[in-house]
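*Asks:* Model the following, please.
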Amino acid sequence: MEVKEAIRTRRAYRSLDLVEITDDLIRELAESARLAPSCFNNQPSRLVFVRDPEVLKEIHGVISRGNKWIQDASMIIAVANRVADDCQVSGRDYHHFDSGMATAFLILRATELGFVAHQVA
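*Replies:* Here you go, the predicted model:
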């Protein structure tokens with residue numbers, strides 16, 4: 001699948017099927033996020049991949065009512081960043097933008113691999 005096709009076919013479905021999450025898949029998605037551009041190549045994003053069913057159940061306890069559909073997800077990826085880990089140029093902070101780019105790359109790669117990746121703020 002070409003990038004244009006991944007962009008065109010990506011959907012934020014709220015009805016999810018359980019899928020097998022392998023170590024290779026996690027490495028592939030992490031690598032896609034790592035390859036995203038960032039200010040001075042600082043790569044401020046920190047990704048936490050959660051696939052353990054017991055840990056997922058704990059996370060479900062803090063999910064807002066509007067996002068209860070997440071309980072069907074086979075994996076949740078937390079994306080975090082800090083101002084101190086990225087550029088501050090002329091009063092502009094880049095960490096959120098750069099983490100957004102990393103997240104977008106990860107979502108497009110997941111789509112290309114046939115998975116649903118649905119972002120939640």
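
*Asks:* for this structure, what spans make up the strands?
*Replies:* For the chain, the strands defined by DSSP state E occupy 46-50, 76-80, 88-89, 92-93.

*Asks:* got those as a markdown table, with distance to residue 64 and mean pLDDT columns?
*Replies:* Placement of C-beta: from N, CA and C, glycine included. Formatted as a markdown table, the strands of the chain follow (distance: least, C-beta to C-beta, whole Å; pLDDT from 0 to 100):
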| stretch | distance to residue 64 | mean pLDDT |
| --- | --- | --- |
| strand 46-50 | 17 | 98 |
| strand 76-80 | 14 | 96 |
| strand 88-89 | 31 | 93 |
| strand 92-93 | 26 | 94 |
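
*Asks:* for these, which one sits closest to residue 115?
*Replies:* strand 76-80 (11.3 Å; C-beta to C-beta).

*Asks:* in that closest one, what counts as buried?
*Replies:* Buried residues in strand 76-80, counted by 16 or more other C-beta atoms under 10 Å: 76-77.

*Asks:* Okay, now the sheet partners of that strand, with direction.
*Replies:* strand 46-50 (antiparallel) (DSSP bridges).

*Asks:* in the strand it pairs with, what counts as buried?
*Replies:* Buried residues in strand 46-50 (16+ other C-beta under 10 Å): 47, 49.

*Asks:* Just tell me which of the strands of the chain ends up closest to residue 16.
*Replies:* Here strand 76-80 is closest among the strands of the chain (C-beta to C-beta), at 11.2 Å.

*Asks:* What distance do you get for residue 111 to residue 1?
*Replies:* Counting by C-beta to C-beta, to the nearest Å, the gap between residue 111 and residue 1 amounts to 8 Å.
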